[in-house]
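Engineer: This is a predicted model, with the sequence first.
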Amino acid sequence: MEKLLLFDVSKCTGCRTCEVACSLIQTGVCNPASSRRRTIHFDEEILDVPMQCQQCEDPACMNICPAEAIYVDEATGAKIINYDKCIGCKMCEIACPFGAISVDPLTKTVVKCDLCSGEPACAHFCPTNAIEYSTANAYDLMRQRERIKQLKKMSL
């Protein structure tokens, strides 16, 4: 069963460890600006939301690419940029409805999450477990258990 990166915004502290881990694994440099993901902070709501490629079922980035430089990794389901084909037009960045494709300031190339070949650094290093790499079924089960715990607390 395909795994997904799952986020629990209630656990995210906005520490940006995920960005540092991502940049280190992807580029060899601890530079959040080179990360394939972002943590978005909403001041009014006092909320931090981890954001990265959602690995869409019908990806706008892949559909619009004139060079057909984005393909699906069969092992992980990740949408991957083939830099040998990429012409640098940035249409994928414009098309992404989540703003999850960006330009790396060091390489000047478009970058997006590739799920670290099935071992996402962001999930591995998240100190609060706000990011998990799991099957949707496992996530649903976890949420159901949390709801039961909350109901038990409320009934006490």
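Structural biologist: Cool, the structure landed.

Engineer: Find the centremost residue of this protein, please.
Structural biologist: Within the chain, one residue has its C-alpha closest to the average C-alpha position: by CA atoms, centre = their mean, that is residue 52, at 3.1 Å.

Engineer: Excluding covalently adjacent residues, which one is nearest to it?
Structural biologist: Excluding its sequence neighbours, the residue lying closest to residue 52 (CB to CB, 6 or more residues apart in numbering) is residue 37, at 3.5 Å. All C-beta atoms are positioned from the backbone trio N, CA, C, and that covers glycine.

Engineer: so the one you found makes contact with residue 51?
Structural biologist: Yes: between residue 37 and residue 51 there is a contact under CB atoms under 8 Å: 6.5 Å.

Engineer: in this protein, which spans are helices?
Structural biologist: Under the criterion DSSP state H, the chain contains helices at 17-27, 60-64, 91-95, 121-125, 136-155.

Engineer: The residue nearest to the centre of the chain and residue 94: what is the separation?
Structural biologist: Counting by CB to CB, to the nearest Å, the separation of residue 52 from residue 94 is 17 Å.

Engineer: same question, residue 84
Structural biologist: 22 Å.

Engineer: So which of these two has more stuff around it?
Structural biologist: Here residue 84 and residue 94 are compared on neighbour count by other CB atoms under 10 Å; more neighbours surround residue 94, at 12 against 7.
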